[in-house]
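Asker: Please work out how this folds:
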Amino acid sequence: MTRSELNILRRLWRSTKQGLWFRPLLWILAVTLLALATYPLGAWLLDLLPLPEVKRETAQALLELLASAMLTVTTVAFSMVMVVITFASGQVSPRSIPGILRDAAIQDALGVFLAGLVFGLLGMLSIEVIGIWPHGPLVTVLLGGVICTLTVIYLVRLIHHVSRRVQVTHILAQQRILGHAAIERFFGTAPPGKAVPLDTDGADGAGRYPGFGDCKLQLDAPVSGYLQVLNLQDVFHFALAHDLFVRVLHTEGDYVGRGWPIFDIHAARMPDDETLSALRATAQIGEERTPEGDPLFPLEVLGEIGERALSPGVNDTGTALAALDHVADCLLRWARHADRLPGLTDDDGRLRVAVTPPRLATALERTVARILRSGQGNPEVERRALWLLDQLARSDSIDAMARTAIVALRRRAARRNGEDGGSGNS
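Answerer: Numbers count the residues shown, from 1 in each chain. This next block holds a predicted model:
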């Protein structure tokens, strides 16, 4: 199997496992397979345990009750999920909805309810076949009892989980966790080859990359959408295998239109179509941004929550301060990584890949700047922002662009707060 086909399979698996329907489908399949495996073993179960005989009419009544109850519970569960989505969209941020729909606890609960509904309906349709076996009604009753027990457990769990999900503090914590994971995945994971910080993109004054010839082409996006995941490891291996230099023109989270260039390729000779197709497959483009490899996305959600909390219609200083705390946690983690244009070299020291990472200055503009704009004149918010900016300024790894943004934001906050320095995070 080629790398292009592997990337297509990875893309399909990544989009599939995030769907709201995926886990419920697994639960339905699991219950179906359990029933198919249990009915043939019913005679052995009767010999092993002294269980009473169950009539077919009793099993049929149980199946009818189970199907009716599961339909009601599933409707209630969907209503609770819709309440959470409506609250998150209207009061917090519409961009927090994908995280709710990908919540494993919600998907598992819906899966159990739907699996019980399917079991009840299939059992009612096949009751004549089940009744032929002497142990068939008994196995039906036992499986129905197991499903009812799981339903009660997951219903209580869903109610508890939804009650936490509507809390702003929980939504903020979830976005912080997503931010931590994206930052470590993008900056903290050891890249292939040898990573070297570059002050430029590695080209000479004429825009050439020494050692790769003058053949240059740009690889365009096949569709429009957001760059969701970029498999940098495969890009590096393609550059090694085909003696290429590849400059990545966009970072994860950027919007690219159909026909916009994604890769700038320099080579001694033109790569064939199969190579270009495989290289294009390393970039996954979708309709919405995802936090998997985009550290800006969860931070922007935190900034939006803080900005909305300080709007005149809400005026919730506590939520804004909590959002700033979570933003500070993520930005200080980000600041520990060198924020330069990284280049990946092979064992001989030849530059193979140059990447454009998201900038810390951009993160500051989309988080702290938004909260400060909405919270002008609020001394608590400005003091907390000053503390964060002072902590960031002490980092030795941030670049000049980030330091310029920090100075501008400090002046904006200090001018209103009447301070030249920051105060503690209290």
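Asker: Under the pLDDT cut-off, which ranges of the stretch 201-350 of the chain? List them.
Answerer: 201-211, 213-214, 338-342 (pLDDT under 70).
Asker: for it, what spans make up the helices?
Answerer: Counting by DSSP state H, counting those that start in this stretch, the segments of the stretch 201-350 of the chain that form helices are 232-241, 273-280, 296-309, 317-334.
Asker: So for the longest one, what gets flagged as buried?
Answerer: For helix 317-334, a neighbour-count test (16 or more other Cβ atoms under 10 Å) marks 319-328, 330-331, 333-334 as buried. Every residue, glycine included, has its C-beta placed from N, CA and C.
Asker: How about the second one?
Answerer: Along helix 273-280, the positions that meet the burial threshold by neighbour count (16+ other Cβ under 10 Å) are Thr275, Leu276, Ser277, Ala278, Leu279, Arg280.
Asker: which residues touch the most centrally placed residue in the chain?
Answerer: In the chain, the centroid-proximal residue (Cα atoms, centre = their mean) is Pro291; its distance is 4.1 Å. Residues in contact with Pro291 (Cβ atoms under 8 Å, 6 or more residues apart in numbering) are Gly99, Leu178, Gly179, Ala181, Ala182, Phe297, Pro298.
Asker: Excluding chain neighbours, give the residue nearest to it in space.
Answerer: Distances taken as Cβ to Cβ, 6 or more residues apart in numbering place Leu178 nearest to Pro291, at 4.3 Å, with adjacent residues excluded.
Asker: pLDDT score assigned to the one you found?
Answerer: With respect to pLDDT, Leu178 scores 90.
Asker: can you check the one 3 residues further on too?
Answerer: In this model, Ala181 is scored at 89, pLDDT.
Asker: Which of the helices or strands spans it?
Answerer: Assignment of secondary structure by DSSP states H and E places Ala181 within helix 168-183.
Asker: what helix or strand is the nearest residue to Arg165 once chain neighbours are set aside on?
Answerer: Leaving aside its sequence neighbours, Arg165 sits nearest to Val84 (Cβ to Cβ, 6+ apart; 4.9 Å). Assessed by DSSP H and E, Val84 sits inside helix 56-87.
Asker: for that helix, packing partners?
Answerer: helix 97-101, helix 104-125, helix 127-132, helix 136-165 (3 or more Cβ pairs under 8 Å, 6 or more residues apart in numbering; DSSP states H and E).
Asker: Give me the buried positions along the second one.
Answerer: Read that as helix 104-125. Those would be 105-123, for helix 104-125 by 16+ other Cβ under 10 Å.
Asker: now the buried residues of helix 273-280 as a markdown table including distance to Asp243?
Answerer: Compiled in a markdown table, these are given as follows (distance: Cβ to Cβ, whole Å):
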| residue | distance to Asp243 |
| --- | --- |
| Thr275 | 11 |
| Leu276 | 14 |
| Ser277 | 18 |
| Ala278 | 15 |
| Leu279 | 13 |
| Arg280 | 18 |
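Asker: Pull the most distant pair out of the residues you listed.
Answerer: Largest separation among the buried residues of helix 273-280 by Cβ to Cβ: Thr275 and Arg280, giving 9.7 Å.
Asker: the inter-axis angle of the helix holding Ala181 versus helix 296-309?
Answerer: Here helix 168-183 runs at an angle of 150 degrees relative to helix 296-309 (axes from the mean of the first three to the mean of the last three Cα atoms, to 10 degrees).
Asker: Identify all contacting residues around helix 168-183.
Answerer: 88, 91-92, 96, 99, 164-165, 291-295, 297-299, 301-302, 305, 319, 322-323, 326, 329-330, 333-334, 337.
Asker: Please identify the helix or strand for the residue nearest to Leu332 when sequence neighbours are not counted.
Answerer: Distances taken as Cβ to Cβ, 6+ apart place Gln391 nearest to Leu332, at 6.0 Å, with adjacent residues excluded. Gln391 belongs to helix 379-393 when assigned by DSSP H and E.
Asker: And that helix, what's buried?
Answerer: Val381, Glu382, Arg383, Arg384, Ala385, Leu386, Trp387, Leu388, Leu389, Asp390, Gln391, Leu392.
Asker: Could you double-check that the fourth one lies in contact with Ala323?
Answerer: No - Arg384 is not in contact with Ala323 according to Cβ atoms under 8 Å; the separation is 9.9 Å.
Asker: and for the two, which residues touch both?
Answerer: Between them, Arg384 and Ala323 share no contacting residue, judged by Cβ under 8 Å, 6+ apart.
Asker: Could you measure from Gly144 over to Val31?
Answerer: Gly144 sits 11 Å away from Val31, going by Cβ to Cβ, to the nearest Å.
Asker: can you check Tyr255 too?
Answerer: Distance of Tyr255 to Val31, computed by Cβ to Cβ: 42 Å.
Asker: When these two are compared, which one has more neighbours?
Answerer: With neighbours defined as other Cβ atoms under 10 Å, Tyr255 and Val31 compare such that Val31 has more, 22 against 13.
Asker: Adding distance to Ala354, write the contacts of Pro291 out as CSV.
Answerer: Putting these into CSV (distance: Cβ to Cβ, whole Å) gives the following:
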residue, distance to Ala354
Gly99, 32
Leu178, 27
Gly179, 25
Ala181, 25
Ala182, 21
Phe297, 23
Pro298, 26
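Asker: Let's have these in JSON lines, adding distance to Phe78 and neighbour count.
Answerer: Listed next are the contacts of Pro291 as JSON lines, based on distance: Cβ to Cβ, whole Å; neighbours: other Cβ atoms under 10 Å:
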{"residue": "Gly99", "distance to Phe78": "18", "neighbour count": "20"}
{"residue": "Leu178", "distance to Phe78": "25", "neighbour count": "23"}
{"residue": "Gly179", "distance to Phe78": "29", "neighbour count": "29"}
{"residue": "Ala181", "distance to Phe78": "29", "neighbour count": "16"}
{"residue": "Ala182", "distance to Phe78": "30", "neighbour count": "25"}
{"residue": "Phe297", "distance to Phe78": "27", "neighbour count": "25"}
{"residue": "Pro298", "distance to Phe78": "26", "neighbour count": "27"}
